[in-house]
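> My questions are about this predicted structure, shown below with the sequence.
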Amino acid sequence: LIKSIPATFSSFTTDNLGNSYLFNATLLEKYDMEGNPMKNFSNKNLGNITSVDAGNTLKVLLFFKSFQQILLLDNMFAPSGNSISLVALGYNQTTLACSSHDNGFWIFSQQNSELIHFDQNLQKTQQTGNIPQLTVMEINPNFLTEQYNKVFLNDSAKGVLVFDIYGTYNKTIPIKGLHHFQISNDELIYFKDGKLKSYNMKTLSEGEINLPTTDIFDARTEKEKLYLLNKKSLNIYHVKN
């Protein structure tokens, strides 16, 4: 155990530098890889924070579902311009959003059950079309992320749908019951049943590690660090080989 951060936050994420981001309602706090406080951000005018994507540490994406808004934060945790109104872009039923490799972002719109990509100039560049028609199954996705030139859309009842960065459907990974996950090279890493588990998308092999405590409800790993969130704190561990 390196550091225990007292917190009553319900959600968190991490970036590839090992920084952690705790958020709840209208407050977002950032800590470095050793658990020291760095920055915080709050904007009550946009409602509660639905999700945080820290895949790009220079443009952390905050999604506010109730207000249909996206806000980007720079490395100083200041807004990069005004918030982005998805309604103004023509989409008022957006349920998920994530950042993309080209400083743009993806959304999942319930209007046509499709993924749509916007570039940094807010121009629509890609869209999947109606996903139930492509996959021959109804979906109710709850998580979206782009990693390693692939877009991953999670449906806890159906599995993880994989698309390329042009919006072409590839396959569905048959892992169910997930709320979110990480992608590290070929590994899909997720917390389930009190354990941190992995699925290799090339070899199809699976692995898991037992965690040092049992009172946790979320876990992630970055840079030889293990992050465990419980009702009272975020605990950061160094993982020994």
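Perfect, thanks for sending it.
> Who are the packing partners of the helix or strand bottoming out on mean pLDDT in the chain?
None of the helices or strands of the chain scores lower by mean pLDDT, DSSP states H and E than strand 206-210, at a mean of 92. Under the contact criterion of 3 or more Cβ pairs under 8 Å, 6 or more residues apart in numbering; DSSP states H and E, strand 206-210 touches strand 195-200. Where you see a C-beta, it was placed from the backbone N, CA and C, and this is true even at glycine.
> Can you give me the buried ones in the strand it packs on?
Within strand 195-200, the residues that count as buried by 16 or more other Cβ atoms under 10 Å are 196, 197, 198, 199.
> repeat for stretch 223-236
For stretch 223-236, by 16+ other Cβ under 10 Å, it's 225, 226, 227, 228, 229, 230, 233, 234, 235, 236.
> Which residues does that stretch contact?
1-9, 12, 14, 16-18, 20, 22, 31, 33-35, 196, 211-213, 215-221, 237-239 (Cβ atoms under 8 Å, 6 or more residues apart in numbering).
> Give me the subset of the residues you listed lying in strands.
3-6, 12, 14, 20, 22, 31, 196, 216-221, 237-238 (DSSP state E).
> and residue 135, what is it in contact with?
Contacts of residue 135 by Cβ under 8 Å, 6+ apart are 161, 169, 172.
> and what of residue 63?
Per Cβ under 8 Å, 6+ apart, neighbours of residue 63: 49, 50, 51, 52, 53, 69, 70, 96, 97.
> again with residue 70
61, 62, 63, 64, 83, 84, 86, 97, 105.
> That one: helix or strand, and which one exactly?
Under the criterion of DSSP states H and E, residue 70 resides in strand 69-73.
> before we move on, which element is residue 40 in?
With DSSP H and E as criterion, residue 40 is part of strand 37-42.
> The chain: helices as residue ranges?
131-135 (DSSP state H).
> so what's residue 186 up against?
200, 201, 202, 203.
> Name the nearest residue to the last one, ignoring sequence neighbours.
If you skip the residues right next to it in sequence, residue 203 has residue 186 as its closest partner in space, 7.7 Å away by Cβ to Cβ, 6 or more residues apart in numbering.
> Leaving out sequence neighbours, find the closest residue to the most centrally placed residue in the chain.
Among the residues of the chain, the one closest to the centroid is residue 53, at 4.9 Å (Cα atoms, centre = their mean). Leaving aside its chain neighbours, residue 53 sits nearest to residue 61 (4.2 Å; criterion: Cβ to Cβ, 6+ apart).
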